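output the structure for:
(2 chains)
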There are 2 protein chains.
Amino acid sequence: MGYVKWSYQTLNQFCEDVFRAFGFDEEQSRIIKDVLLTADLYGIESHGMQRMVRYHKGIEKGSIHLDAKPEVVFDTPISAVIEGNNAMGQVVAHRAMQMAIEKAKASGVGIVSVRNSNHYGIAGYYAKMAVDEGLMGFSCTNSEAIMVPTFARQAMLGSNPIALAMPADPYPFWFDSSTTVVTRGKLEIYNKSGKPLPEGWALDENGQPSSEAPRVLKNIVEKNGGGIMPLGGNTETSGSHKGYGYGMICEIFSSILSQGVNSDECCTFEDKTGICHGFAAVNPAYFGEPEDIRAHLSAFMQKLREAPVADGAERIYTHGEKEVFAEKDRRENGISVADGTMMELADLCDYLKLDFAKYFEGYEIPKDAGFFGGY
Amino acid sequence: MGYVKWSYQTLNQFCEDVFRAFGFDEEQSRIIKDVLLTADLYGIESHGMQRMVRYHKGIEKGSIHLDAKPEVVFDTPISAVIEGNNAMGQVVAHRAMQMAIEKAKASGVGIVSVRNSNHYGIAGYYAKMAVDEGLMGFSCTNSEAIMVPTFARQAMLGSNPIALAMPADPYPFWFDSSTTVVTRGKLEIYNKSGKPLPEGWALDENGQPSSEAPRVLKNIVEKNGGGIMPLGGNTETSGSHKGYGYGMICEIFSSILSQGVNSDECCTFEDKTGICHGFAAVNPAYFGEPEDIRAHLSAFMQKLREAPVADGAERIYTHGEKEVFAEKDRRENGISVADGTMMELADLCDYLKLDFAKYFEGYEIPKDAGFFGGY
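I've put the predicted structure just below:
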């Protein structure tokens, strides 16, 4: 599969115009675009431009309601619940995190739980919003069932990512990861390459370990059983119950506190996905001098980076460091987009009556560009 | 190794008398005893009676200061920082969680970070305190370095357990687990039995996977390098960076917010351990009708328990369920204590001038009872 590189500016303009053309207002379009492109800048390709087709489909199918207005249905100085009314996930999530941040500034902490939203991009984007304001940020979301709980044969929880970020220098602590051992996107990549899946990733329809990506993916789509293992695999010996537990913690902050749709029913409806999110911001000033706390974390993270390295390893990373390097590289050298994704973007331009060639001058879709597959 | 069973009442009286004899007051003794025996009731033997020797040593050595008074050094309606002054971990932790609970009742949420405490027993005990008051509870603690970060060869983080509990019926969601794949206690058990360690647990002094329990344990004691892998193993393919990330989240709530000692330096001092804790309580009433939220979680947990089971598996558990069953069994049938632990308790009685035979009438320590060896 081929890739083509575009400058951040090119993709930025394209994305903003696409979401304007869908009917989102300027502010909404800016938010959605920023969430997507931050993923691409951070090197998390699976959640960037490649996802445009999914949003396109969601809007067409009617699970994303373009004109929906999220409502705050519960509100206190430290908490809120938002009914998303099936609006675009990024728009609902951005507002919810903004509320959490404002509450944390005024009252020390803000926790906001959201129901009936949609896919919101990378969880870490919202945690980072808090860090940019000098706060600790937390974000999580449930999603279509794909995680098979320990000892089960059927997916009951989503990939249920949890993100937590905290200000530090020279770059923040920024943790963002699915509570499954990997995401579905990784299975898609193995599927395309024809390689067997690594041990400890996936389960077949009988709840047994499987290295067959096509079989597992087919089962997921057809809801035949099986799916992806929790972080920690599928035995208690390897800690399966722990990944399953973190998946539950995600569920508690998203679908339980908001009394929304649990992962096992997410994306099973005609007119909505039911996806729920959880957000929190914590103000370090409620624990001491923020600069001292920041320095304390920075010093520890520096020690981690400088710790003795395992034989054969290059270096030790702290969480969020790779993303800082990736962003620097992509801002300087451009963002790679798969030919398959470019083909989807061309389709999108047809649908929205946008001029594909205006943005991607001189680019021709190779004859062998398959659809990347979305996920 | 042999075991002997004692009734809860017997051990209850014994423990309380032991801590009174050490010099703790009635309330303190009750708290310490309850934390220890809850571990035994829950089937978490490694953190129960078996730990008495460790507290005994800590008090003798001077890292646990019997007469220390913890101080609240920062206090807001939603947060606090406690300077433990090297007091007994359970006593500091109980007070901190009590503060978090009171704040959550009055203001919706309470987050309390603690520095310079000591080993506090099972993390989940404190999370359960919140559940008993109808609140969500969170507890974590850092500890002596034993987790080797991804790509490192030296332990830099503790086993850093995280516990989160939430009210539900017929029993609460109660998650309590180390962010390492296993705890040191599991390695000790393999060491004693002479069996090779399972794959994905431990690293040798060069940061390479090792199945040799004696070698890994010797390295840990001598600080030669190596240790236990994070949840997710030691490769990014299996999610090592995720377990390492949860270890960091524990560190942030414990040693970072309190500006205390990070795991890499915990237990390296003569006169203290420096161990730090983090606690939080969240009031569901700040998100909706608590009974509705409770019912929503209960229903989802029931669905999980009733989900289709993997071929070869007996059933699916929800977090905290096994502990409920264990407690019922142990209250009815007694608590098993290893002969090696009984030998330590006899030593303890000598030291404290307590009459061992008064509590454990008719019991004789078998000649082949070795020391259980800590944890």
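
would you put the C-alpha positions of stretch A:162-169 in PDB?
C-alpha atoms of stretch A:162-169 as PDB (Å, rounded to 0.1, in the frame of the first residue of the first chain):
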ATOM      1  CA  ILE A 162      -8.500   5.700  29.100                       C
ATOM      2  CA  ALA A 163      -6.400   8.800  28.900                       C
ATOM      3  CA  LEU A 164      -4.700  10.700  31.700                       C
ATOM      4  CA  ALA A 165      -2.400  13.600  31.200                       C
ATOM      5  CA  MET A 166      -0.500  15.900  33.600                       C
ATOM      6  CA  PRO A 167       1.600  19.000  33.100                       C
ATOM      7  CA  ALA A 168       5.400  18.400  33.100                       C
ATOM      8  CA  ASP A 169       8.500  19.600  31.300                       C
END
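
for that stretch, buried residues please.
By neighbour count with 16 or more other Cβ atoms under 10 Å in any protein chain shown, stretch A:162-169 contains the buried residues A:162, A:163, A:164, A:165, A:166, A:167, A:168. For glycine as for every other residue, the C-beta is placed from the backbone atoms N, C-alpha and C.

among the residues you listed, which are located in helices?
Counting by DSSP state H, the buried residues of stretch A:162-169 place none of their members in helices.

which ones among the residues you listed also lie next to chain B?
A:164, A:166 (Cβ under 8 Å from any Cβ of the partner chain).

so can I have a markdown table of the buried residues of stretch A:162-169 showing pLDDT?
A markdown table is the format used below for the buried residues of stretch A:162-169 (pLDDT from 0 to 100):
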| residue | pLDDT |
| --- | --- |
| A:162 | 98 |
| A:163 | 98 |
| A:164 | 98 |
| A:165 | 98 |
| A:166 | 98 |
| A:167 | 98 |
| A:168 | 98 |
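
mind listing the helices for the stretch 251-375 of chain A?
Under the criterion DSSP state H, counting those that start in this stretch, helices of the stretch 251-375 of chain A are mapped to A:290-305, A:321-333, A:339-352, A:356-359.

would JSON lines of the ones you listed with mean pLDDT, mean neighbour count and distance to residue A:124 be doable?
Shown next, in JSON lines, are these (pLDDT from 0 to 100; neighbours: other Cβ atoms under 10 Å in any protein chain shown; distance: least, Cβ to Cβ, whole Å):
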{"stretch": "helix A:290-305", "mean pLDDT": "98", "mean neighbour count": "18", "distance to residue A:124": "17"}
{"stretch": "helix A:321-333", "mean pLDDT": "98", "mean neighbour count": "15", "distance to residue A:124": "8"}
{"stretch": "helix A:339-352", "mean pLDDT": "94", "mean neighbour count": "19", "distance to residue A:124": "21"}
{"stretch": "helix A:356-359", "mean pLDDT": "96", "mean neighbour count": "14", "distance to residue A:124": "27"}
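
the ones you listed: which one's closest to residue B:16?
Within those, the stretch nearest residue B:16 is helix A:290-305; the backing value is 38.4 Å (Cβ to Cβ).

is the closest one anywhere near chain B?
Yes. Residues of helix A:290-305 are located near chain B by Cβ under 8 Å from any Cβ, namely A:292, A:293, A:296, A:297, A:300, A:303, A:304.

beta-bridge partners for the closest residue in space to residue A:96 that isn't next to it in sequence, please?
Spatial nearest neighbour of residue A:96, excluding adjacent residues (Cβ to Cβ, 6 or more residues apart in numbering or on different chains): residue A:112 at 4.4 Å. For residue A:112, the beta-bridge partners under DSSP bridges are residue A:80, residue A:279.

and residue A:112, what does it touch?
With contact set as Cβ atoms under 8 Å, 6 or more residues apart in numbering or on different chains, residue A:112 has these partners: A:79, A:80, A:81, A:82, A:96, A:97, A:99, A:100, A:103, A:278, A:279, A:280.
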